[in-house]
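Engineer: What shape does this take:
(one chain, ligands or ions: 1)
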Amino acid sequence: MRNDDPVNIIIVGMGGHAHSWKTYIDAHPGWKLVGIVDTDTEKLEHVTQWGVPEECAYPSIETAARWSEEEIDAALIATPIYTHHLLATEAIEQGWHVIVEKNMASTIEQAQAMVKLARAHPEICTSIGTQYRYRPLWWTIRQMVHEEQAIGKLSFVQAKSMAFSGTMRAGWRAWLDNIYPQDMMCHHVDVIRYSTGLDFVKVQAQVFKPGWSKWLGASSVIMNFVMAPRGQETNRDEWVHGQYHGDWQGTGLKTGWEDWFEFYGPKGSLRIEPPAERPKSAWEPGPLMPLAGEPTGSKLVLYLDDDSGANKEARVIEKRSDVQHHPKGYIDQMYMLDDMQRCIEGGGKQQPGTCFEDAYRSFLVTRLAVESSRTGKTLWAPVYWPDPVPEP
Ligand SMILES: NC(=O)c1ccc[n+]([C@@H]2O[C@H](COP(=O)([O-])OP(=O)(O)OC[C@H]3O[C@@H](n4cnc5c(N)ncnc54)[C@H](O)[C@@H]3O)[C@@H](O)[C@H]2O)c1
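Structural biologist: Numbering: from 1, shown residues only. Have a look, this model is predicted:
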């Protein structure tokens, strides 16, 4: 592949979320869709509707690698979570760069093996589909909290995301034993990590569903946590405490999806607040399609105190759309494709922001929440990192 050639990518898993990826792949001049893999052969009969010739539809990664006339450079794995580890491994062993959808894997051991494999292939670029971090909202919070310290040194985070996701979950999700931690929570953990520049070091959680729920798996998580800067994990003076409540069986909500994320420091707080009234559309419009998971109408408000602690100012903050200072204003999955392409061109010397190594630290928290709930213990995350840090 020459640097001015597009990156030839195949989509593995021709489902709902892959369709959104296809929109971005089509729109990005540096990428070209050259094939689709799916185990559902009935779906494969419709690949031409995805702009892919019939002969470029494959039932497995292996057949795609063997029969594709175009050289394949990368794979997007957008299949059910329990297939990610195996399919990502197969793709990397073919020498392909990979974007794997969240959750990264089903177990900590699988994700650790993926990080190890990525380390053994530094020339290969990896990425996990936590695109929320590359949206104006989280970019603005990152700049204000982490870079500009608008509220002073961060001391506490309170995060709550409530939605009602139906009386039953459809498809493969219905069978997950911990639906919320597996399917949703990593987005929140990831945006909290991204916007604060901190890692989660302690996790104490309850994972459950309401007694009336017909879901098979848990729909809700309540978690107390501690975060710390990289390299300062054992320095209690640097710890930032927090609470998180994520829920897909929320009822009596004023809007379809309500997010409250609050960041507190000595000078004041920065808060995401949901609209008081039900908005007309569920999701914030994006440049190409609605940004699923980004509720419309939510406001970012900065509250600053005076020296006596009384409120001095309450100001609605305009969200900044120059995510990561991108010259073309790319956000969301479009930014991720661009980031990946740049890293591929650089031979993997730099990895995408959501590479396996980084994403593992978000994924890990979702599994530790389940483990903490099961055992009743507070868990120290850094002992599970590839380069472990013992508990102080
Ligand atoms: N990042 C996000 O915001 C976001 C949003 C939605 C879904 N997702 C993730 O995307 C992934 C797919 O979710 P979805 O809602 O699109 O699911 P889906 O059920 O709509 O599609 C999954 C597809 O994978 C195919 N498949 C199953 N096993 C396979 C295998 N072994 N090899 C090849 N194909 C296989 C299925 O036939 C189906 O076509 C999940 O990991 C999900 O968590 C991420």
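Engineer: and the closest residue in space to M185 that isn't next to it in sequence, how many residues sit next to it?
Structural biologist: Leaving out its chain neighbours, the residue that sits closest to M185 by CB to CB, 6 or more residues apart in numbering is T366, at 4.7 Å. Every C-beta, even on glycine, is put in place using the N, C-alpha and C of the backbone. T366 is flanked by 31 other residues according to other CB atoms under 10 Å.
Engineer: isn't T366 right next to C186, touching?
Structural biologist: Yes: with contact defined as CB atoms under 8 Å, T366 counts as touching C186 (5.0 Å).
Engineer: where are the low-confidence patches of the stretch 201-350 of the chain?
Structural biologist: Scanning the stretch 201-350 of the chain for pLDDT under 70 picks out no residues.
Engineer: all helices of it, in order?
Structural biologist: Counting by DSSP state H, counting those that start in this stretch, the segments of the stretch 201-350 of the chain that form helices are 332-345.
Engineer: which parts of it sit against the ligand?
Structural biologist: A292, G293 (CB under 6 Å from any ligand atom).
Engineer: Show me where the stretch 201-350 of the chain has its strands.
Structural biologist: For the stretch 201-350 of the chain, strands defined by DSSP state E, counting those that start in this stretch occupy the ranges 220-228, 240-247, 257-265, 268-273, 283-284, 291-295, 299-305, 311-316.
Engineer: So which of these is nearest V201?
Structural biologist: strand 220-228 (4.9 Å; CB to CB).
Engineer: that older thread, can you list the strands of the stretch 201-350 of the chain in CSV and add mean neighbour count and distance to S372?
Structural biologist: Shown next, in CSV, are the strands of the stretch 201-350 of the chain (neighbours: other CB atoms under 10 Å; distance: least, CB to CB, whole Å):
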stretch, mean neighbour count, distance to S372
strand 220-228, 22, 8
strand 240-247, 20, 12
strand 257-265, 20, 21
strand 268-273, 20, 26
strand 283-284, 18, 31
strand 291-295, 20, 24
strand 299-305, 16, 30
strand 311-316, 10, 36
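Engineer: Could you work out which of the ones you listed reaches nearest to T378?
Structural biologist: Closest to T378 of the strands of the stretch 201-350 of the chain, according to CB to CB: strand 220-228, at 8.1 Å.
Engineer: tell me what that closest one is packed against?
Structural biologist: Applying 3 or more CB pairs under 8 Å, 6 or more residues apart in numbering; DSSP states H and E, we find strand 220-228 packed against helix 179-183, helix 185-196, strand 199-208, strand 240-247, helix 356-375.
Engineer: tilt between it and strand 199-208?
Structural biologist: Calculated by axes from the mean of the first three to the mean of the last three CA atoms, to 10 degrees, strand 220-228 forms an angle of 160 degrees with strand 199-208.
Engineer: Run through the residues that contact the one residue in the chain that gets nearest to the ligand.
Structural biologist: Nearest residue of the chain to the ligand, counting by CB to the nearest ligand atom: G15, 1.8 Å away. Neighbour list for G15: A78, T79 [criterion: CB atoms under 8 Å, 6 or more residues apart in numbering].
Engineer: Please tell me how far it sits from V383.
Structural biologist: Distance from G15 to V383, counting by CB to CB, to the nearest Å: 36 Å.
Engineer: Check T23 too.
Structural biologist: For T23, the distance to V383 - CB to CB - is 41 Å.
Engineer: With G242 instead?
Structural biologist: In terms of CB to CB, G242 sits 20 Å off from V383.
Engineer: what's the burial count for the nearest residue to C355 once chain neighbours are set aside?
Structural biologist: Closest residue to C355 apart from its sequence neighbours, by CB to CB, 6+ apart: T126 at 4.9 Å. Residues contacting T126 under the criterion other CB under 10 Å number 28.
Engineer: does T126 have beta-bridge partners, and which?
Structural biologist: V98 (DSSP bridges).
Engineer: Just checking the distance from stretch 8-21 to the centre of its chain.
Structural biologist: Distance of stretch 8-21 from the chain centroid (CA atoms, centre = their mean, to the nearest Å) equals 17 Å.
Engineer: So which bits of that stretch are buried?
Structural biologist: Neighbour counts over stretch 8-21 (16 or more other CB atoms under 10 Å) mark N8, I9, I10, I11, V12, G13, M14, G15, H17, A18, S20, W21 as buried.
Engineer: Quickly check: the helix or strand harbouring the third one near the ligand or not.
Structural biologist: Following DSSP states H and E, the helix or strand that holds I10 is strand 7-12. Yes: residues of strand 7-12 contacting the ligand under CB under 6 Å from any ligand atom: V12.
Engineer: which residues touch that strand?
Structural biologist: Contacts for strand 7-12 (CB under 8 Å, 6+ apart): 1, 18, 21-22, 25, 30-38, 50, 58, 61, 64, 68, 70-79, 87, 91, 97, 340-341, 344.
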